[in-house]
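K.L.:
need a structure here:
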Amino acid sequence: MNMTHYMQLLADNQPWNLLIFMAIPIVLAETLAITELYILFTRKFDGFVYHLNRFAGTTVGLYFIGIIAYLMTTAVLPITKNNEWRTVIDMIAVGSYLIGGLPLIWIALQEFGFVNKALDQMGKLKIHAICVALFLVFGHIAMIAGMLDPSLLGYKGTDGHQMGVVASVTGHEYCDPAMHGDMKAMHEKMHQQMMNGGNMPQGNTRQMPMNPQGHSH
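P.N.:
The predicted structure is shown next:
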């Protein structure tokens, strides 16, 4: 089965890529969503839960600024330049993941006071809720598309499922299966030459017949 760049990014360099690109942002976003619901029901704009909500909102927004900048420069732009997208499925998976981070960045900007300055606490809380909902929608689109096989739309990959750009990001080298075939063919050729040329390994005392009559050296 061929993999999208999204899924291969999460699968490579285990468990670090999974933690960096999935676990940490999801935990922060879920914390933001749960505390959001608590504040909406209780209207308590102080205390531990409220401050946890603000911390999660600012942290996940800043975190996604780093993720988007990193993936854009090390993966998206090189993949686009080299025309290596694995059909529209691949583009939807990666694009949805990156777009999903934008609403969370908006939350961080609001917490720092750069946007929505005129809104009251409830107004800002509603913006929070809308942004979290958008993140969840795009995040699930990314996961669903990311788990699809790009060959459904005609992509023909290699046995190694190499991801050149992401491999360079994670530090994992890709070994082309063709190299293994070339090495095997070389060994077979050397073995055949040894047999045909009579260059037998030392220590082999058995004589090889040279003609049908059984005469030997």
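K.L.:
so, low pLDDT: which residues of the protein?
P.N.:
158-217 (pLDDT under 70).
K.L.:
let's see 80
P.N.:
Residue ranges of the chain with pLDDT under 80: 1, 157-217.
K.L.:
quick check: residue 131 touching residue 101?
P.N.:
No. Taking contacts as Cβ atoms under 8 Å, residue 131 lies outside contact range of residue 101: 10.5 Å. Backbone N, C-alpha and C define where each C-beta goes, glycine included.
K.L.:
against residue 149, how distant is residue 88?
P.N.:
Distance of residue 88 to residue 149, given as Cβ to Cβ, to the nearest Å: 13 Å.
K.L.:
and if you look at residue 18?
P.N.:
Distance from residue 18 to residue 149, by Cβ to Cβ: 20 Å.
K.L.:
same check, this time on residue 117
P.N.:
47 Å.
K.L.:
do the same with residue 26
P.N.:
24 Å.
K.L.:
try residue 123
P.N.:
Distance from residue 123 to residue 149, by Cβ to Cβ: 44 Å.
K.L.:
so these two - more neighbours on which side?
P.N.:
Neighbours were counted for residue 123 and for residue 149 using other Cβ atoms under 10 Å; residue 149 has more, 16 against 11.
K.L.:
mind listing what the more buried one touches?
P.N.:
Residue 149 makes contacts with 1-3, as judged by Cβ atoms under 8 Å, 6 or more residues apart in numbering.
K.L.:
now do 7 Å
P.N.:
By Cβ atoms under 7 Å, 6 or more residues apart in numbering, residue 149 lies in contact with 1-2.
K.L.:
beyond the helix or strand encompassing residue 48, next helix or strand please.
P.N.:
Counting by DSSP states H and E, the element that carries residue 48 is helix 47-71. Following helix 47-71 in sequence order, the next helix or strand is helix 77-81 (DSSP H and E).
K.L.:
contacts for whichever helix or strand comes after that following helix?
P.N.:
Sequence-wise, the next helix or strand downstream of helix 77-81 (DSSP H and E) is helix 87-111. The contact list for helix 87-111, computed with Cβ under 7 Å, 6+ apart, reads 4-6, 29, 54, 57-58, 60-62, 64-65, 67-68, 71, 76, 85, 115-116, 124, 127-128, 131, 134-135, 138-139, 141-142, 145-146, 148, 150, 152-155.
K.L.:
buried subset of these, written for PyMOL?
P.N.:
A single PyMOL command selects the buried members of those (16 or more other Cβ atoms under 10 Å):
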select buried, resi 4+5+6+29+54+57+58+60+61+64+65+67+68+71+76+85+116+124+127+128+131+134+135+138+139+141+142+145+146+148+150+155
